[in-house]
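Participant: Generate a structure from the sequence data that follows.
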Amino acid sequence: MESTPKPIAHKNLKWYDFPKPDQSIIDFLAKKFKFHPLDLEDCLTEIQRPKIDEYSNYLFIVLHFPIWSQRTRQITTEEVDIFIGQSFVITLHNDALPPLEKIRTACQKKSGREKYFKRGSGYFLYELTSELFDYCFPIIDKLWQQVSSIERDVFDQEGMRDLLKDIMLLKKNIITFRRILQPERPVVSALEHKNKKFLPEKLEVYFDDVVDKIEKQWNSLDSLKEVAETLQDANESLISHRSGETIKILTIFSVIMLPLTLISGIFGMNVTVPLQESPVAFLTISGVMLATVVSMLAYFRWKKWW
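Facilitator: This is a model prediction of the structure:
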């Protein structure tokens with residue numbers, strides 16, 4: 001078995017953080033901590049919904065968090081598996097998470113370890129979840145930036161750019177975020193009432209703070225959802241209006257060309273017609289056609305069709 005990362009320790013508490021866990025890590029946890037095999041198996045598979053499993057000497061917690069990809073401007077899901085006991089906290093995740101990196105960097109100093117570790121594993125779990133959910137707020141800010149950008153483009157009279165793809169991407173991100181966040185609320189709320197050995201009663205107010213953060217994010221997502229739907233309706237209405245204007249202009253051109261085509265067709269027939277032998281036939285016919293165009297344009301203007 002490969003050597004496992006060393007924990008960050010302070011007093012009687014140790015924190016193990018395992019990015020991209022493999023079978024060797026699972027074997028290490030099974031041997032050292034005797035965790036339930038089903039929990040260890042869950043660490044290597046994707047769990048669809050958050051959960052808490054309670055045992056006599058530890059809790060196993062599965063949480064999901066949104067991750068923002070700057071390259072694709074899309075939100076993906078990252079699962080974090082947490083084991084918490086009286087003297088340890090263990091986190092496992094596949095991708096690098098900025099909040100965990102922030103805590104790890106802070107804990108390189110004694111002051112950081114005292115801040116996060118001083119009140120036991122339950123308080124460290126609060127700090128961990130609080131940092132992870134704090135990371136969600138900048139993602140919501142990015143979604144609002146997308147909304148502002150789309151709003152400017154929707155009402156840009158010059159651009160007339162097709163924004164359907166941008167609006168659908170925004171709605172997809174909002175739906176993904178909501179799907180991640182919705183099942184988190186009851187799980188974090190349940191942490192207040194779980195095993196008091198790890199989460200003493202005095203920590204309830206702290207986890208209430210995390211629940212408040214989730215509620216604020218949920219309310220923001222509700223607002224984003226309504227604004228996105230409104231922008232989609234406005235975009236569709238403007239596209240329909242612009243299409244109607246284009247069709248109206250093309251129709252006016254077609255209607256104007258119709259009598260001109262009729263006149264040129266009559267005088268182009270291979271039969272005897274009036275003015276056929278006149279030296280001013282071309283000027284006369286051209287004058288009639290010009291007068292027809294002017295009359296029709298004046299009529300359309302009078303009717304306010306253009």
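
Participant: Do I have it right that residue 221 meets residue 176?
Facilitator: No - checked against Cβ atoms under 8 Å, the pair residue 221 and residue 176 is beyond contact range at 10.3 Å. C-beta coordinates here come from the backbone N, C-alpha and C atoms, glycine included.

Participant: surely residue 163 meets residue 236?
Facilitator: No - with contacts defined as Cβ under 8 Å, residue 163 does not count as touching residue 236, sitting 9.9 Å away.

Participant: And those two? Which one has more around it.
Facilitator: residue 163 (23 against 13; other Cβ atoms under 10 Å).

Participant: How about the contacts made by the more buried one?
Facilitator: 150, 153, 154, 235 (Cβ atoms under 8 Å, 6 or more residues apart in numbering).

Participant: From residue 164, how far out is the second one?
Facilitator: From residue 153 across to residue 164, the span is 11 Å (Cβ to Cβ, to the nearest Å).

Participant: More neighbours: those two, which one.
Facilitator: residue 153 (17 against 12).

Participant: mean confidence score for the strand or helix carrying the more buried one?
Facilitator: Secondary structure from DSSP states H and E places residue 153 in helix 136-154. Average pLDDT, helix 136-154: 91.

Participant: what comes up buried for whichever helix or strand comes after it?
Facilitator: Downstream of helix 136-154, the next assigned helix or strand under DSSP H and E is helix 164-181. Within helix 164-181, the residues that count as buried by 16 or more other Cβ atoms under 10 Å are 166, 167, 170, 171, 173, 174, 177, 178, 180, 181.

Participant: Next, the angle from helix 164-181 to helix 136-154.
Facilitator: Angle of helix 164-181 versus helix 136-154, following axes from the mean of the first three to the mean of the last three Cα atoms, to 10 degrees, is 160 degrees.

Participant: Skip ahead from helix 164-181 and say which helix or strand is next.
Facilitator: Of the helices and strands lying after helix 164-181 in sequence (DSSP H and E), the nearest is helix 184-191.

Participant: Using CSV, write down the CA coordinates of that following helix.
Facilitator: What follows is helix 184-191, C-alpha atoms only, in CSV (Å, rounded to 0.1, in the frame of the first residue of the first chain):
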residue,chain,number,x,y,z
GLU,A,184,-28.4,19.9,1.5
ARG,A,185,-30.8,21.8,3.7
PRO,A,186,-32.3,18.9,5.6
VAL,A,187,-29.0,17.2,6.0
VAL,A,188,-27.2,20.3,7.5
SER,A,189,-30.3,20.9,9.7
ALA,A,190,-30.0,17.3,11.0
LEU,A,191,-26.4,17.9,12.0
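
Participant: for the stretch 1-150 of the chain, which spans come out with low pLDDT?
Facilitator: Residues of the stretch 1-150 of the chain meeting the criterion pLDDT under 70: 1-5.

Participant: Which stretches in it count as helices?
Facilitator: Taking DSSP state H, counting those that start in this stretch, the helices of the stretch 1-150 of the chain run over residues 23-33, 37-42, 98-106, 110-117, 121-134, 136-154.

Participant: Could you list the domains of this protein?
Facilitator: In terms of domains, the chain is parsed into 8-241, 242-302 (source: automatic domain parsing).

Participant: Deepest in the core, which of the ones you listed is it.
Facilitator: Of these, the one with the most neighbours on average (mean count of other Cβ atoms under 10 Å) is domain 8-241, at a mean of 16.

Participant: Any idea how far that one is from the middle of the chain?
Facilitator: In terms of Cα atoms, centre = their mean, to the nearest Å, the centre of domain 8-241 is set 14 Å apart from its chain centre.

Participant: the inter-axis angle of the helix ranked longest in the chain versus helix 184-191?
Facilitator: Taking DSSP state H as the assignment, the helix of the chain that covers the most residues is helix 204-267. For helix 204-267 against helix 184-191, the angle by the same axes, to 10 degrees is 180 degrees.
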